[in-house]
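[1] Quick one, fold the following:
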Amino acid sequence: MMEEEFEEERGWTGRSTAWEDDTGNQSDGEQDEPMENPEQVLAECLEKFSTSDYIMEPGIFNQLKRYFQAGGSPEQVIDLLSTNYVAYAQMANLMAEWIISAGTNINEVRSMVEASLRDMIIKTFDPKKADTIFSEEGETPAWLTEMIEHPTWRSLVYRLAEEYPDCLMLNFTIKLISDAGYQGEITSISTAAQQIEVFSRMLKTSVCKILSSNDDTMMKNIKDTAEMICHSEHTFVYSQVLLYYLMQEAKGSHLMKRLSQEIVKCAFEHGHDVTPVIMALNGSTAYPRACQALSSMLSRNALNPADITVLYKMFNDSDPPPVDLIRAPQFLELLIDALFKPNMKLNQEHKPKYIYLLAYAASVSESFRRSQRHSLKQDEVKLTIQAVEKAIGSVGKTHAELVADLPVIYNCIKYSVVSVGVIRWVEAEVTEPSYFKLRTEHTPIHLVLLDEVVSCHPLLQQKVLDLIIKLFESKQDELEILVQLELRKVLLDRMVHLLGKGHVIPVLKYIKQCWSRGDTDISLIRYFITEVLELVAPPYSPEFITLFLPLVEDDEITGMSRGTGDGSEHDVISEFIVHCHAQPTEKAK
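    The predicted structure is shown next:
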């Protein structure tokens, strides 16, 4: 009778565990197993039955089956299971009911129990024992299916999966979670990348998220996806090939290209040389000499005059290779560093070749039809070369010399490739430890150059803001306290200029973050607010009010500066507050 209560053993997906032998014939897994020693089976079963609360274990029925098939005594197993029944789970439930009866909210009690159980599982989890669940139960446990329906336990699985990537039970649970439609939660789970079906769902979810994200969240989503894809070689290759085909689509192709580039960048930052994959996908293998020259430099992350000469001759030809070959972000960054960073050792004989390749990559436009070049426009190459030459001619000059060169540099900054180089040049200068100590002018000339970049190129504004934030948070211990405050006011002026040129929300988010952290002098935040209020005028967007109004209303910041309604110059603060409160509906949005 007892044997009738047990079904045939099943695998993880619920199918019977039938296996194919070498001849392709299927045989029952149990028939292939050698007969177990009855005495050994009895000893193993009795040992398990002697443990605390074993009657609550998922594999109890399978062990009972083995025990009775080996001739075990019913009286002995009943005695062992009842004697060792401690009822930990039942006592926990009873304690929870008492706490609820004492007046505690049931949700609070549930959170307490779950938190304690979660901590206990994390502390005592054994991946080997977890893997035995399926061998003992023979199929997917019903409790596991119910468990993944709750966010608390899904998050526990994600954490354990990071710590134990080789645990089969956790890997299978990740698949169950993905099958249940929660793949959006597991984009950072490295173990999920080992299963192509789960990884494909994760990748699809991430790409859709990037396509639908706004400017504020897009870069974060791209970087998170890049981290996930760079988990292993096979996920990298799979994703890059897929993105390559998505780039051929008209809609969202530029985002797919940007994602592909960020993935390559992430891979290099993790110390992986993915050059062969990139070369295979960008079509450079059709141009062996160019492929060899680029591969050599990208793999070593360093330029080589010999390889540069090869590329220069090929792209200076009447029928050059596709410009995309030299538009690899890593290669362009190497060129910009070589030309714009001060004190870079560059052979003057080869310098024109570096300039030509950078200008060519930045200015040439071409189109293809059916893999054949349809048009090639090189009209801007010569002007771009001249702009780059003039700009790098000012690198390393003194303050007085730069002031004299300002009109020329401003004209050059109109070219985006020059602006990128100027940012790299300015960053190298102003991050020198003694830079501000040796400055006597109120606003260093290099920061003035950043203002011009901001005015000409909206797409470079975030790069400039990142540099200004880096300077704002840097320690200038060699300067006196008052000098440090004045320097930070100069940097705040740059942020106000960014705000005035349309980079509003990122600047306000950073200032509000400084206020929330409490690590920025209040006088600096007050200075920023004053400068902004002189610049802006209604109507204000709901997001602007949400970020800026709490700063203006803070008594510690503006309490002493608010007007009294008598027409004083400080009335602008009160007027702003009144105006914002007059549009509560918009603010709520």
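[2] From residue 447, how far off is the closest residue to residue 514 other than its chain neighbours?
    Distances taken as C-beta to C-beta, 6 or more residues apart in numbering put residue 520 closest to residue 514, at 4.0 Å, once the chain neighbours are dropped. Using the backbone N, CA and C atoms, a C-beta is placed for each residue, glycine as well. Counting by C-beta to C-beta, to the nearest Å, the gap from residue 520 to residue 447 is 19 Å.
[3] between these two, which one's more packed in?
    More neighbours surround residue 447 than the other of residue 520 and residue 447, with 22 against 17 (other C-beta atoms under 10 Å).
[4] The stretch 301-450 of the chain: strands as residue ranges?
    Along the stretch 301-450 of the chain, the segments classed as strands by DSSP state E, counting those that start in this stretch run 365-369, 372-377.
[5] Dump these into JSON lines; add distance to residue 473 as well.
    Conversion of the strands of the stretch 301-450 of the chain to JSON lines gives the following (distance: least, C-beta to C-beta, whole Å):
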{"stretch": "strand 365-369", "distance to residue 473": "40"}
{"stretch": "strand 372-377", "distance to residue 473": "43"}
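[6] looking at those strands, which is closest to residue 477?
    Comparison of those against residue 477 by C-beta to C-beta identifies strand 365-369 as nearest, at 49.5 Å.
[7] What is that closest one packed up against?
    Helices and strands touching strand 365-369, as assessed by 3 or more C-beta pairs under 8 Å, 6 or more residues apart in numbering; DSSP states H and E, comprise strand 372-377.
[8] and the strand it packs on, average pLDDT?
    Per-residue pLDDT over strand 372-377 has a mean of 83.
[9] For that strand, which strands pair with it and how are they oriented?
    Paired neighbours of strand 372-377 in the sheet (DSSP bridges): strand 365-369 (antiparallel).
[10] model confidence over the strand it pairs with, on average?
    82.
[11] just so I have it, where are all the helices in the stretch 301-450 of the chain?
    305-315, 329-340, 351-363, 381-392, 399-413, 416-430, 445-456 (DSSP state H, counting those that start in this stretch).
[12] between those helices, which one is nearest to residue 89?
    Across the helices of the stretch 301-450 of the chain, residue 89 has its closest neighbour in helix 329-340 (56.0 Å, C-beta to C-beta).
[13] Quick one: work out the angle between the closest one and helix 416-430.
    60 degrees (axes from the mean of the first three to the mean of the last three C-alpha atoms, to 10 degrees).
[14] Which strands or helices does helix 329-340 pack on?
    helix 253-269, helix 288-300, helix 351-363, helix 381-392, helix 416-430.
[15] continuing past whichever helix or strand residue 197 is part of, what's the next helix or strand?
    In the assignment (DSSP states H and E), residue 197 maps to helix 196-212. Where DSSP H and E defines the elements, the next helix or strand beyond helix 196-212 is helix 215-229.
[16] And that following helix, what does it pack against?
    Checked by 3+ C-beta pairs under 8 Å, 6+ apart, helix 215-229 has helix 196-212, helix 233-247, helix 253-269 packed alongside it.
[17] what sits up against the last one?
    Helix 253-269 has contacts (C-beta atoms under 8 Å, 6 or more residues apart in numbering) with 207, 210-211, 218, 222-223, 225-227, 229-230, 236, 239-240, 243-244, 246-247, 249, 274, 278, 301, 328-330.
[18] and the gap between residue 62 and residue 448?
    Distance of residue 62 to residue 448, given as C-beta to C-beta: 77 Å.
[19] next one: residue 275
    To residue 448, residue 275 is 39 Å away according to C-beta to C-beta.
[20] neighbour-wise, which of these two wins?
    The residue with more neighbours, out of residue 275 and residue 448, is residue 275; 22 against 17, by other C-beta under 10 Å.
[21] How many residues are close by residue 296?
    For residue 296, using other C-beta under 10 Å, the count is 16.
[22] Now it. Nearest residue, chain neighbours left out?
    Residue 296 sits nearest to residue 307 (C-beta to C-beta, 6+ apart), 5.4 Å away.
[23] who's in contact with that neighbour?
    Residues counted as contacts of residue 307 (C-beta under 8 Å, 6+ apart) are 292, 293, 294, 296, 297.
[24] In PyMOL, how would I select the buried members of those?
    Filtering the contacts of residue 307 down to the buried ones (16 or more other C-beta atoms under 10 Å) takes a single PyMOL command:
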select buried, resi 293+294+296+297
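[25] Any stretches of the stretch 51-200 of the chain with poor pLDDT?
    The stretch 51-200 of the chain contains residues with pLDDT under 70 at 134-138, 183-184, 186-194.
[26] contacting residues for residue 426?
    For residue 426, the contacting residues are 446, 447, 449, 450, 467, by C-beta under 8 Å, 6+ apart.
[27] mind listing the helices for the stretch 51-200 of the chain?
    60-69, 74-83, 88-101, 106-124, 127-137, 142-147, 151-163, 168-179, 196-212.
[28] looking at these, which is closest to residue 404?
    When those are compared by C-beta to C-beta, helix 196-212 sits nearest residue 404, at 46.0 Å.
[29] okay, the angle between that closest one and helix 215-229?
    Here helix 196-212 points in a direction 160 degrees away from that of helix 215-229 (the same axes, to 10 degrees).
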